[in-house]
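Asker: sequence first, predicted model second:
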Amino acid sequence: MKLKTGLLTFGFVAMLSSCAAVNYSYEGKAFKSAFSSIKSEDLKKNLYVIAADNMEGRDTGSPGQKRAADYIINYYKNLNIGHPTEMTSYLQTVPADYMNKKSRGETFNDSANILAFIKGSEKPEEIIVVSAHYDHVGTKNGVVYNGADDDGSGTVGVMEIAEAFNKAAKEGHGPKRSVLFLHVTGEEHGLFGSAYYSDNPIFPLANTVADLNIDMIGRDDAENRGQDYVYVIGSEMLSKELKTINETANAQTNQLKLNYKYDDPKDPQRLYYRSDHYNFAKKGIPVAFFFDGIHEDYHKPTDDPEKINYVLLAKRAQLVFATAWELANRKERIVVDKK
Ligand SMILES: [Zn+2]
């Protein structure tokens, strides 16, 4: 009798834990429902606002950039996604002084990073960062540089990924680790916002598991024209596991062609050093940088929302979501295995 009860209990526990595992797997309902909530129409709607002329190219510290910040913050408020409770608002001020000291002769007004946060259910102290810069280069000689791809695409991608995590949370499958949605400022002038965050982190960097950074995911370059691809940069630089996790996430979902051409710190384009993830990598945090390449409208006033491939933008945002999902929900946090 006793043995039988024991076996029954064991069986029941095993069944429960395998259900839990299924719920968080890529085959599970929770993942699929959140994943498919990332839609090209939603990305398009938000990007037409973020990259509109009245945002004046979102130069760091400008009124246009503040309007973009208001739009992003209202989006989170409407979804009931809060800011870290360690802060009094979504804004982390990046002081003018901090940027002025780092710049080569330029002077700035105060600006701010935007932080939205979903607390983990099991390991809330461990943080996955999903980042993108929301500043761009502003208006020159009366011409607005809309920065739809750079980095309006990453901005709306992060917003949509947050919505997907939030949807899963509302359906009872919130992330086990916490996820920080970090919209940084001052990227175009020298990665200032991410530098400021990594110098003044809201959560200890020792507990920051990884940064998935998105900077330009809505277009294609001449080399990959018409293909479903994305450049992934830096994903095995500090942790082999991160590259494997991203590849598995991709294989189990949209099966984009992962292009590692720039995944070499010696590449002449030096892309590993050129966006916000680098400020995390510098401090020993594993990163993956998602990027579409240097195309003909890069840093031109013609980087407009009507030129974005919204279907591809959605597929790439879904890949970042799927990778973040595994990082947040897997049993063991990924380990740093390289210096
Ligand atoms: Zn950029």
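Answerer: Received, thanks.
Asker: surely Asp264 is in a strand?
Answerer: No. Per DSSP: H, G, I helix; E, B strand; the rest coil, Asp264 lies outside any strand segment and is coil.
Asker: ok, how many other residues are close to it?
Answerer: Neighbour count of Asp264, defined by other C-beta atoms under 10 Å: 15. Using the backbone N, CA and C atoms, a C-beta is placed for each residue, glycine as well.
Asker: then Lys170?
Answerer: For Lys170, using other C-beta under 10 Å, the count is 12.
Asker: need the residues of the chain near the ion, please.
Answerer: The interface of the chain toward the ion, taken as C-beta under 5 Å from the ion, is made up of 150-151, 215.
Asker: rerun that using 8 Å as the cut-off
Answerer: Residues of the chain lying close to the ion by C-beta under 8 Å from the ion are 133, 136, 147, 150-151, 154, 187-188, 215-216, 275.
Asker: now, those that are in helices?
Answerer: 154, 187-188 (DSSP state H).
Asker: for the ion, state which of the residues you listed is nearest.
Answerer: Nearest to the ion among these: Glu187, at 5.5 Å, using C-beta to the ion.
Asker: hang on, that closest one packs against Tyr196?
Answerer: No. Using C-beta atoms under 8 Å, Glu187 is not in contact with Tyr196, being 11.3 Å away.
Asker: higher neighbour count, the two?
Answerer: Glu187 (27 against 24).
Asker: show me the contacts for the residue most central in space within the chain.
Answerer: The centroid of the chain falls nearest to Val130 when counting by C-alpha atoms, centre = their mean (3.0 Å). Residues counted as contacts of Val130 (C-beta atoms under 8 Å, 6 or more residues apart in numbering) are 158, 161-162, 179-182, 211-212, 214, 320, 324.
Asker: closest to the ion among those?
Answerer: Proximity of the contacts of Val130 to the ion (C-beta to the ion) peaks at Ile214, which lies at 9.4 Å.
Asker: dump the C-alpha coordinates for the top strand by length along the chain into CSV.
Answerer: Looking across the chain with DSSP state E, the single longest strand is strand 123-133. C-alpha atoms of strand 123-133 as CSV (Å, rounded to 0.1, in the frame of the first residue of the first chain):
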residue,chain,number,x,y,z
LYS,A,123,13.8,34.8,-9.5
PRO,A,124,12.8,38.4,-9.5
GLU,A,125,16.3,39.6,-8.6
GLU,A,126,17.7,38.2,-11.8
ILE,A,127,17.2,40.6,-14.7
ILE,A,128,17.0,40.2,-18.5
VAL,A,129,17.4,43.5,-20.3
VAL,A,130,15.7,44.1,-23.7
SER,A,131,17.1,47.4,-25.0
ALA,A,132,16.8,49.9,-27.9
HIS,A,133,17.7,53.6,-28.3
